[in-house]
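Enquirer: structure of the sequence below:
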Amino acid sequence: MKIYVHHYFSNSLFYKLAHNTKNREYNIVDNIGIVSCTYNHIKFEFIFNPILSDETDGYHLIDFFTSLRNKNEYEYYRDIDISSGVEDLPFFKRFVELLKDRNGWILTLFRTEKLFGLKDVSWGPEICEIEEVLLNLKSHKIITDNQFLHELIDYSNIHTAFTNTIFQWNELIGIRWYYEFNQIYKKLNFDYDLMYSVRNHKQHRVDTLNGLHELNIPKVLLQRTNSINKITYSTPYDSQVSNIKLNSVLGNTDFENLTWISWHDGIGLDLFWRVLPKAKMQILDESWAWCKQDFVSHYLSEKTIGLILAGIPFISTHSYPLEILEKMIGIKPHPFMPNFKEIKGDAKLLIEFINEFMNNFEENYILCSEWMDECRDIFLNKINTENSMLDIFAIGFENIEKDKKSKLKII
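Expert: Residues are numbered from 1 along each chain as shown. From the prediction side, this is the model:
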């Protein structure tokens with residue numbers, strides 16, 4: 001099976017696309033050429049060449065993040081202006097332009113953000129515009145990290161690839177660090193049972209911090225951090241959280257200042273030494289937990305993925321991360337899933353639940369810990385032995401899409 005990859009070869013791109021393959025033979029010169037390999041006894045040829053071409057004996061593939069991060073290496077993307085900070089839309093429009101006279105190409109779109117909002121409610125125009133552009137690629141295949149929780153008639157060409165998503169996160173932030181931290185976590189003695197740490201100060205998070213602070217539960221650690229706004233720490237919520245301990249990455253001296261120390265985007269030294277080691281359990285507050293609704297589709301951020309790789313039990317402020325996990329990897333429901341479905345980002349309900357949870361912490365911790373161990377085992381087994389994208393190739397897009405259409409739910 002041939003896959004024409006319209007990019008220069010790189011290790012990060014190859015591992016994202018072809019991890020867990022065997023019998024690799026490299027014939028690469030100046031980052032152009034062929035890597036032959038096998039996966040589940042199927043022979044694959046990954047042909048790396050940035051020039052768009054129209055061979056008919058294989059699939060053709062474009063990767064979003066490779067196009068974005070190396071745009072000046074490719075004549076098709078050099079003129080795209082991302083100085084405004086808007087990255088997705090101009091690239092997606094360019095993909096539509098490049099592929100409008102072609103059929104059946106593959107766009108690997110592990111965006112690490114929510115991409116589809118038209119079927120959900122309470123969304124602004126930006127994410128809907130992105131989705132409207134992507135809908136122009138119906139004659140092509142999109143392989144993404146976004147998981148549809150319902151099968152929809154307009155989206156049968158969109159496929160979720162779990163293991164490739166993890167390798168994308170590894171490329172972006174080195175998410176493997178969480179896995180390594182598990183060796184430390186298992187040996188720690190904790191001063192606290194449960195922790196809630198806030199980086200991005202959203203209203204429901206501020207309300208949760210203050211509500212838990214009023215409960216004054218000695219074994220619950222609360223903190224906030226200025227690791228996003230590093231130079232000057234200022235948010236509209238400053239006056240509302242003045243009673244909550246500030247984990248400052250600036251510190252009071254030059255040696256305490258972490259902002260100039262090289263690390264990965266999105267995670268930092270403060271996370272691994274000032275948050276994760278502090279308590280037996282963490283409160284997982286995913287990026288879109290502020291939306292008090294069910295979702296048609298969503299993605300998992302490093303918040304969920306990281307805690308699982310680290311093996312740290314958690315309770316969630318919304319049900320959608322657990323719903324995605326159930327569908328993506330087949331894990332059984334979290335023992336407190338009914339509570340998460342009721343809470344759905346409601347700070348008052350969350351505070352009431354945590355108060356009750358802490359009244360019987362040891363028993364509840366065992367339930368969460370056993371679930372986490374099982375979830376992590378499934379997680380790691382898939383990452384170390386499977387390749388979700390190549391499984392899609394092996395089964396066949398047509399077969400998968402036919403099965404999807406048989407389960408259609410029009411929303």
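
Enquirer: the helices in the stretch 251-400 of the chain, which residues?
Expert: With DSSP state H, counting those that start in this stretch as the definition, the stretch 251-400 of the chain shows helices at residue ranges 269-274, 302-310, 320-329, 337-343, 347-359, 361-385, 388-395, 397-406.

Enquirer: what about the stretch 51-200 of the chain, any weak spots by pLDDT?
Expert: Scanning the stretch 51-200 of the chain for pLDDT under 70 picks out 85-86, 121-127.

Enquirer: what sits against Asn23?
Expert: Contacts for Asn23 were tallied using Cβ atoms under 8 Å, 6 or more residues apart in numbering; they are 36-38. Placement of C-beta: from N, CA and C, glycine included.

Enquirer: for the helices of the stretch 251-400 of the chain, give me CSV that also has mean pLDDT, mean neighbour count and distance to Gln223.
Expert: Putting the helices of the stretch 251-400 of the chain into CSV (pLDDT from 0 to 100; neighbours: other Cβ atoms under 10 Å; distance: least, Cβ to Cβ, whole Å) gives the following:
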stretch, mean pLDDT, mean neighbour count, distance to Gln223
helix 269-274, 86, 17, 8
helix 302-310, 97, 22, 16
helix 320-329, 97, 21, 22
helix 337-343, 98, 18, 21
helix 347-359, 98, 17, 15
helix 361-385, 98, 15, 19
helix 388-395, 97, 19, 36
helix 397-406, 81, 13, 44
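
Enquirer: and Thr163, which of the ones you listed is closest to it?
Expert: With respect to Thr163, and counting by Cβ to Cβ, the nearest of those is helix 388-395 at 4.6 Å.

Enquirer: got the CA coordinates for the closest one in CSV?
Expert: In CSV, the C-alpha atoms belonging to helix 388-395 read as follows (Å, rounded to 0.1, in the frame of the first residue of the first chain):
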residue,chain,number,x,y,z
SER,A,388,-5.0,3.9,14.5
MET,A,389,-4.5,5.5,11.1
LEU,A,390,-2.9,2.4,9.5
ASP,A,391,-5.8,0.4,11.0
ILE,A,392,-8.1,2.6,9.0
PHE,A,393,-6.1,2.0,5.9
ALA,A,394,-6.2,-1.7,6.5
ILE,A,395,-10.0,-1.9,7.1
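
Enquirer: show me what that helix is packed up against.
Expert: Counting contacts by 3 or more Cβ pairs under 8 Å, 6 or more residues apart in numbering; DSSP states H and E, the secondary-structure elements packed against helix 388-395 are strand 42-48, helix 162-173.

Enquirer: I'd like the next helix or strand past the shortest one.
Expert: Using DSSP states H and E, the next helix or strand after strand 42-48 towards the C-terminus is strand 59-63.

Enquirer: what angle separates that next one from helix 162-173?
Expert: Put simply, strand 59-63 runs at 40 degrees to helix 162-173, going by axes from the mean of the first three to the mean of the last three Cα atoms, to 10 degrees.

Enquirer: could you say what helices and strands the helix or strand that strand 59-63 is followed by packs with?
Expert: Towards the C-terminus, the helix or strand next in line after strand 59-63, according to DSSP H and E, is helix 64-69. Judged by 3+ Cβ pairs under 8 Å, 6+ apart, helix 64-69 is in contact with helix 88-99, strand 106-109, helix 162-173.

Enquirer: any idea which of the ones you listed gets closest to Leu118?
Expert: helix 88-99 (14.4 Å).

Enquirer: who's in contact with the closest one?
Expert: Counting by Cβ under 8 Å, 6+ apart, the neighbours of helix 88-99 from elsewhere in the structure are 52, 62, 64, 67-68, 76-77, 80-82, 105, 107, 111, 113, 126, 129-130, 133-134, 136-137, 139-140.

Enquirer: where does Tyr76 fall, secondary structure wise?
Expert: For Tyr76, there is no enclosing helix or strand under DSSP H and E.

Enquirer: residues making contact with stretch 371-389?
Expert: When contacts are defined by Cβ under 8 Å, 6+ apart, stretch 371-389 is touched by residues 17-21, 39, 108, 143, 160-166, 179, 308-309, 311-314, 325, 329-332, 334-335.

Enquirer: swap that for stretch 394-410, please
Expert: Here stretch 394-410 makes contact (Cβ under 8 Å, 6+ apart) with 39-40, 42, 141, 150-153, 156-157, 159, 392.
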